[in-house]
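# Here is a sequence together with a model predicted from it:
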Amino acid sequence: MTDSLLRLLIFVQTVCFGAAFVLYLLKKTRPGRVFWLLAETASVTLVIHNFLVNGYVPFVSMYQILTFSAALFGAVYLYIAYFRDAEVRKEFHWTAPYFIGCSLTVSVGLCFMDIAAVWQFPPALRSPWFLPHILVYVIAYIMAAAAFAMTVTKFFVRGDRLRVKQLDGGIYDCVCVLFPCMTAGMLLGAVWANEVWGAFWSWDIKECWALVTWLMFMTWLHFRRTPGLSKFRDLLLIAGFVCVIVTFFFVNGMNAAEMSMHTYN
């Protein structure tokens, strides 16, 4: 597939996510689902292309991970909305615009990224721990993005108690998925680090930020049920998402190679 065709596919994906987002906001869910399905089809096509071109699971470059993330928002939404217990399913359907909006944001970012890079697979990544470690972290981070979007929305609907209650429930459902995934990611990463570098933990800058992020969401879960502290949970979740951004982008996107073993450029 040529670069021009890839750019066109990313553009189509972005437009379809945008159309789906607007239609869901207007409560026109049936046509919204059609555009969402078209966008997801384009996203999956890009993921498959990355896999075929590079010959391995497309999780090495930032472009590859964000391409996968754009597609995964919909899959995770479907899991929570249709495959969890009945009470969660009943309350979670209304959160679709938040997941679509997150996919749209990622797709817009892809429009400005280098799509031509074919990465050589570094020796440190040739491990059976690579796929599960990255996958659970990607799930955790996209759930953090959806929870962040809902938390920000709460500041604009303070007068609508029912809406705030719905948002609180949606945020909690997201954290209930992201926290165990984040925990599993840290444990898998520690085992992998011991295999590659000979130590479970080395206070690497990315490891430290991953720990801070995990502590933020663990604290959020405790604050949620603690009288007198629950009022701080929104600010705590926002801080947690800021930590996600630092953890996810800082080492890989801000030339921190001299500070971290987690760079493979």
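Looks like it arrived, so ask away.

# For the rest of this, base every contact and every neighbour count on C-alpha atoms.
Will do.

# What helices and strands are in contact with the helix or strand that contains Leu38?
Assessed by DSSP states H and E, Leu38 sits inside helix 29-54. In terms of contacts (3 or more Cα pairs under 8 Å, 6 or more residues apart in numbering; DSSP states H and E), helix 29-54 is packed against helix 3-25, helix 62-83.

# got any ranges where the stretch 51-200 of the chain has weak pLDDT?
For the stretch 51-200 of the chain, the stretches with pLDDT under 70 are 83-92, 116-122, 124.

# Which stretches in it count as helices?
Assignment of helices within the stretch 51-200 of the chain using DSSP state H, counting those that start in this stretch yields the ranges 62-83, 86-92, 96-110, 130-154, 161-197.

# and of those helices, who's closest to Ile48?
helix 62-83 (9.4 Å; Cα to Cα).

# Which strands and helices lie in contact with the closest one?
Using 3+ Cα pairs under 8 Å, 6+ apart, helix 62-83 sits against helix 29-54, helix 86-92, helix 96-110, helix 130-154.

# Surely Leu7 and Leu110 touch.
In this structure residue 7 is Arg, not Leu. No. Look at Arg7 against Leu110 with Cα atoms under 8 Å: they stay out of range, at 9.1 Å.

# the more surrounded of those two?
Leu110 (21 against 16; other Cα atoms under 10 Å).

# ok, the more buried one - contacts?
By Cα atoms under 8 Å, 6 or more residues apart in numbering, Leu110 lies in contact with Ile10, Tyr63, Leu66, Thr67.

# quick one: the last one from Gly109, how far?
When you say that, I think you mean Thr67. Note on Thr67: its distance to Gly109, by Cα to Cα, to the nearest Å, is 10 Å.

# With neighbour numbers in mind, choose between the two.
Thr67 (25 against 15).

# show me what contacts that one?
By Cα under 8 Å, 6+ apart, the residues touching Thr67 are Ser43, Leu46, Val47, Val106, Ser107, Leu110.

# Repeat the analysis, applying 7 Å as the threshold.
Shown in contact with Thr67 (Cα atoms under 7 Å, 6 or more residues apart in numbering): Ser43, Leu46, Val47.

# again, but for Phe73
Here Phe73 is in contact with Phe99, Ser103, Ile142 (criterion: Cα under 7 Å, 6+ apart).

# Swap in 6 Å and give it another go.
Neighbouring residues of Phe73 by Cα atoms under 6 Å, 6 or more residues apart in numbering: Phe99.

# Which residue, other than its chain neighbours, is closest to the spatially most central residue of the chain?
The residue lying closest to the centre of the chain (Cα atoms, centre = their mean) is Ile142, at 1.9 Å. Once flanking residues are discounted, Ile142 sits nearest to Phe73: 6.5 Å by Cα to Cα, 6 or more residues apart in numbering.

# repeat for Phe217
Gly240 (6.3 Å).
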